[in-house]
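**Q** from the sequence below, what's the structure:
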Amino acid sequence: MVIQFIRFSCVLMILLTAANSLRGEEKAVSRPPRPGLALQIDIDGAIGPATTDYVVRAIDKAAERSADLIILRLDTPGGLDSAMRDIIKKILASPVPVVAYVAPGGARAASAGTYILYASHIAAMAPGTNLGAATPVQIGGVGDLEKEKNKEDGKERDDSDRGKENVSGNAMSHKIINDAVAYIRGLARMRGRNQEWAEKAVREAASLPAEEARELDVIDLVATDSGELLRLLNNRKVTVSGNEITLQTKGMELQRIEPDWRNELLAAITDPNVAYILFLIGIYGLIFEFSSPGAVLPGTVGAICLLLALFAFQVLPVNYAGLALILLGIALMVAEAFVPSVGVLGIGGVVAFVIGSIILMEPEGQGYGINPAIVGAFALCGALFFIVALGMLIRSRRKRVVSGREALVGGLGTALNDFERLGTIRIHSENWKARTDIPLKKGEGVRVTGMEGLVLSVTRDESGEEP
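**A** Numbers count the residues shown, from 1 in each chain. Predicted structure coming up:
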């Protein structure tokens with residue numbers, strides 16, 4: 001009886017366990033699958049160190065959050081070559097497929113943006129956008145100079161020749177252009193895109209609108225907005241890290257990764273105009289501190305601004321000849337305040353300052369020059385400050401002191417009474433006790449020779465000067 005009860009209990013427990021497992025499986029089957037996640041990264045404006053920091057950390061964040069897709073929205077005139085290559089390296093190593101999408105309408109992916117578009121797993125554009133003009137800026141415009149030279153020589157080349165030799169014949173130009181061509185052709189071969197047009201974009205600075213880019217297999221898709229882009233990407237196969245995957249973008253959730261405070265700060269201080277202003281504020285602050293020791297505030301602010309500027313110059317394409325000319329210009333303007341040279345040093349300083357400011361930033365990327373208006377404003381302010389203001393300060397330091405012990409010793413006064421040892425004199429509209437070694441009469445002129453406490457040592461003034 002007991003044995004039968006135990007057997008019955010065991011069978012009952014097995015049946016209940018099986019029923020619970022079946023119910024759990026039914027719930028698991030009926031539970032809706034997790035929607036896919038797409039993260040959007042926006043590149044607006046020139047590509048620089050701040051852009052690299054933002055994109056690299058955003059791709060890492062996408063991998064940490066197990067995102068299914070990254071949409072890299074582009075609207076850029078280009079930027080620094082070093083920053084562009086860092087972004088491309090991160091895209092090529094990304095475990096999450098990256099879709100480069102030139103949007104909205106009217107946007108562009110010029111210069112460095114074209115390389116990034118070619119490097120992405122999928123390239124897409126919105127109607128009314130364009131890409132191209134990928135010639136390195138260091139040699140930009142040299143082709144036009146060569147064309148004018150050929151005209152002067154009475155030679156004309158056809159388009160095919162000009163396409164092959166649209167840069168100056170010097171070896172450095174050929175190295176730069178050939179390196180850029182090899183780089184973009186390698187990206188095009190990796191992604192199965194039009195290599196011939198990619199080379200044309202570099203050699204001839206060619207550009208294409210979205211529809212023509214699709215026809216020439218430069219891009220993969222033309223989509224009006226992000227919703228249509230996700231719809232067109234559904235069931236599309238891409239190769240990521242050597243593995244072929246099929247994108248499931250139907251119902252995918254789209255989230256935008258916003259730049260954080262660190263990226264905003266980096267973007268601010270690495271702007272060429274801001275870095276230039278910080279550098280000059282730092283120099284001016286230190287000069288003011290050295291000319292007026294103990295002010296503290298100018299030196300503190302100047303040191304902070306100078307360090308921030310030096311950090312920015314470290315990651316920006318700085319021409320050190322330009323930096324040297326700026327420092328030389330400031331030194332010459334300071335020298336004009338100390339050693340008047342009928343304006344020669346001052347004018348030379350302004351000229352050196354302006355030329356150095358113009359060539360300070362190497363033309364490595366579009367959008368990374370210094371605004372000429374800022375250069376002119378600081379040149380004018382610098383000239384006024386160093387030649388006029390600092391000159392007045394130096395001249396005021398050379399003037400005779402008009403208060404305190406230094407103003408009394410050597411000064412002229414008048415005896416207020418007759419005295420042989422101690423008496424009273426009037427000097428600088430003040431009455432002072434005085435000691436003398438010779439008899440003095442009331443109203444007689446005296447000269448102060450020393451000071452002991454509040455008693456002046458005086459003697460008779462023989463110069464006849466008015467006190």
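**Q** which stretches in the stretch 101-250 of the chain count as helices?
**A** Here the stretch 101-250 of the chain has its helices, by DSSP state H, counting those that start in this stretch, at 112-119, 142-152, 159-164, 171-191, 195-203, 210-215, 226-233.
**Q** just checking, what packs against the last one?
**A** So the one you mean is helix 226-233. On a contact count with 3 or more CB pairs under 8 Å, 6 or more residues apart in numbering; DSSP states H and E, helix 226-233 meets strand 69-75, strand 98-102, strand 122-125, strand 221-222. The way it works is simple: take the backbone N, C-alpha and C, and place the C-beta from them, glycine included.
**Q** among those strands, which is nearest E336?
**A** When the helices and strands packed on helix 226-233 are compared by CB to CB, strand 69-75 sits nearest E336, at 46.9 Å.
**Q** same question for that closest one, mean pLDDT?
**A** Averaging pLDDT along strand 69-75 yields 95.
**Q** so for the following helix or strand past that strand, what gets flagged as buried?
**A** Later in the chain than strand 69-75, the nearest helix or strand by DSSP states H and E is helix 81-93. Across helix 81-93, burial judged by 16 or more other CB atoms under 10 Å covers D81, S82, A83, M84, R85, D86, I87, I88, K90, I91.
**Q** quick revisit: of the helices and strands packed on helix 226-233, which is nearest A295?
**A** Taking CB to CB, strand 69-75 is the member of these nearest to A295, at 45.9 Å.
**Q** quick check: neighbours of the closest one in the sheet, parallel or antiparallel?
**A** Strand 69-75 pairs in its sheet with strand 37-44 (parallel), strand 98-102 (parallel), by DSSP bridges.
**Q** now do that strand: everything it contacts.
**A** With contacts defined as CB atoms under 8 Å, 6 or more residues apart in numbering, strand 69-75 is touched by 36-45, 55, 58-59, 62, 91, 94, 96-104, 107-109, 113, 116-117, 120, 226, 229, 233, 247, 249, 252, 254.
**Q** now stretch 55-64
**A** 39, 41, 43, 70, 72, 86-87, 90-91, 94-96, 98, 257, 263.
**Q** quick one: average pLDDT of it?
**A** The average pLDDT within stretch 55-64 is 93.
**Q** just how off-centre is the helix or strand encompassing S457 within its chain?
**A** Using DSSP H and E, S457 sits within strand 455-460. When C-alpha coordinates are averaged (CA atoms, centre = their mean, to the nearest Å), strand 455-460 and its chain have centres 66 Å apart.
**Q** go ahead and produce CSV holding the CA coordinates of that strand.
**A** Output of strand 455-460 as CSV, limited to C-alpha atoms (Å, rounded to 0.1, in the frame of the first residue of the first chain):
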residue,chain,number,x,y,z
VAL,A,455,62.4,113.4,10.4
LEU,A,456,64.0,114.7,7.2
SER,A,457,67.6,115.6,6.9
VAL,A,458,67.9,118.8,4.9
THR,A,459,70.6,121.3,3.7
ARG,A,460,70.4,124.7,2.1
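**Q** pairing partners for that strand, with directions?
**A** Strands that pair with strand 455-460, judged by DSSP bridges, come out as strand 430-435 (parallel), strand 445-452 (antiparallel).
**Q** and it, which residues are buried?
**A** So, applying 16+ other CB under 10 Å, buried residues of strand 455-460: L456, V458.
**Q** for I43, grab the count of nearby residues.
**A** 21 (other CB atoms under 10 Å).
**Q** ok, which of the helices and strands packed on helix 226-233 comes nearest I427?
**A** Taking CB to CB, strand 69-75 is the member of these nearest to I427, at 76.5 Å.
**Q** got the angle between the closest one and helix 81-93?
**A** 160 degrees (axes from the mean of the first three to the mean of the last three CA atoms, to 10 degrees).
**Q** mind checking which of the helices of the stretch 101-250 of the chain is nearest A303?
**A** helix 112-119 (34.4 Å).
**Q** tell me what that closest one is packed against?
**A** Short answer (3+ CB pairs under 8 Å, 6+ apart): helix 112-119 packs on strand 69-75, helix 81-93, strand 98-102, strand 130-132, helix 171-191, helix 195-203.
**Q** and those, which one is worst for confidence?
**A** helix 171-191 (a mean of 89).
**Q** pick the most deeply packed of the helices and strands packed on helix 112-119.
**A** Across these, averaging neighbours per residue (mean count of other CB atoms under 10 Å) puts strand 98-102 on top, at a mean of 27.
**Q** residues contacting that strand, please?
**A** Contacts with strand 98-102, where a contact means CB under 8 Å, 6+ apart, come from 59, 69-75, 91, 108-109, 113, 116-117, 119-126, 129-131, 210, 223, 226, 229, 233.
**Q** try it again at 6 Å.
**A** Strand 98-102 has contacts (CB atoms under 6 Å, 6 or more residues apart in numbering) with 70-74, 91, 109, 116-117, 120-125, 129.
**Q** nearest to M361, of these?
**A** M361 has its nearest neighbour among the contacts of strand 98-102 in I116, at 21.9 Å by CB to CB.
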